[in-house]
Every structure is written in C-alpha cells, then in structure tokens.
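Asker: Provided below for reference: sequence and predicted model.
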Amino acid sequence: MIAMNEKIKLGILRLHILHSARNGDVCETEIIGQLSHIDGEISNDTLYRMIREMEGKGYLTSRESTVDGCERRHYRITMKGEDKYVMALDLLQNMLGSMLLPSEGDGS
C-alpha cells in the first residue's frame with residue numbers, strides 16, 4: 001500500500017508533467033530535469049513510466065524526433081489533459097487556500 005504522502009507527491013508530479021506539456025512540445029529529459037531536484041527518491045524510471053501512463057490515458061500526446069543522432073520523444077498536453085490539469089489545479093488551490101488562509105473567528 002502506498003503511503004498518503006507518496007500519493008500526494010505522485011499527484012503533484014503528474015500535475016507538474018501536465019504543466020510542462022502545456023507550454024508546447026517538451027521532451028522527457030526536460031521534464032525529468034525539471035523534476036529531478038524535487039526529490040531524489042523519484043527515479044527516472046518512475047518518471048518515464050508516469051509519463052507513458054499519462055500518454056496511455058490520453059492526457060499527453062507524443063512524437064519522436066532525432067537530435068544529433070539521438071532519439072527524443074516530445075510531449076504535448078491534449079484537451080483531455082488540459083481539462084484534467086485545470087480541474088486538479090483548481091482543486092489544489094481551493095484546498096490549499098482553505099488550509100493556509102486564516103478562517104473567520106480564529107483570531108488571526
């Protein structure tokens with residue numbers, strides 16, 4: 001069973017992947033580079049699997065290219081992925097807002 005903090009971390013990583021893919025074509029190595037500093041416990045293999053899973057669910061689309069003799073896979077968010085991103089970001093903002101903003105009557 002995955003611990004709650006691990007589920008939260010993986011959810012935020014998925015959100016970040018969608019965010020990166022919103023800005024146009026982004027390659028796997030760029031996404032991994034953006035996320036590598038966040039937590040050393042997440043391996044490149046885990047991120048590759050996560051990206052592939054998101055593509056399989058229709059949140060991302062990809063194309064291959066060759067750059068200096070190296071194969072690269074580039075990702076772009078789909079409409080389904082955009083809908084999921086907006087919904088998840090709204091939920092996250094609402095949840096964090098309610099936790100971080102002082103409520104009326106708490107003396108803050």
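Answerer: Yep, that arrived. The structure presented is a predicted model; accordingly, all values stated were derived computationally and were not measured.
Asker: Any stretches of this protein with poor pLDDT?
Answerer: 1-2, 37-41, 102-108 (pLDDT under 70).
Asker: for it, what spans make up the helices?
Answerer: Under the criterion DSSP state H, helices of the chain are mapped to 4-22, 28-36, 44-56, 79-100.
Asker: Generate TSV for those helices, with distance to D68 and mean neighbour count as supplementary columns.
Answerer: C-betas here are computed from N, CA, C, even on glycine. Below are these laid out as TSV (distance: least, Cβ to Cβ, whole Å; neighbours: other Cβ atoms under 10 Å):
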stretch	distance to D68	mean neighbour count
helix 4-22	22	16
helix 28-36	13	16
helix 44-56	20	15
helix 79-100	29	12
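Asker: Could you say which one of the ones you listed comes nearest to R73?
Answerer: helix 28-36 (5.5 Å; Cβ to Cβ).
Asker: by how many degrees do the closest one and helix 4-22 diverge?
Answerer: 140 degrees (axes from the mean of the first three to the mean of the last three Cα atoms, to 10 degrees).
Asker: can you pull the alpha-carbon coordinates of helix 28-36 into CSV?
Answerer: Output of helix 28-36 as CSV, limited to C-alpha atoms (Å, rounded to 0.1, in the frame of the first residue of the first chain):
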residue,chain,number,x,y,z
GLU,A,28,11.2,13.5,-21.5
THR,A,29,14.7,14.6,-20.5
GLU,A,30,13.5,18.2,-20.0
ILE,A,31,10.6,17.0,-17.8
ILE,A,32,12.9,14.8,-15.8
GLY,A,33,15.4,17.6,-15.4
GLN,A,34,12.7,19.9,-14.1
LEU,A,35,11.6,17.3,-11.5
SER,A,36,15.0,15.8,-10.5
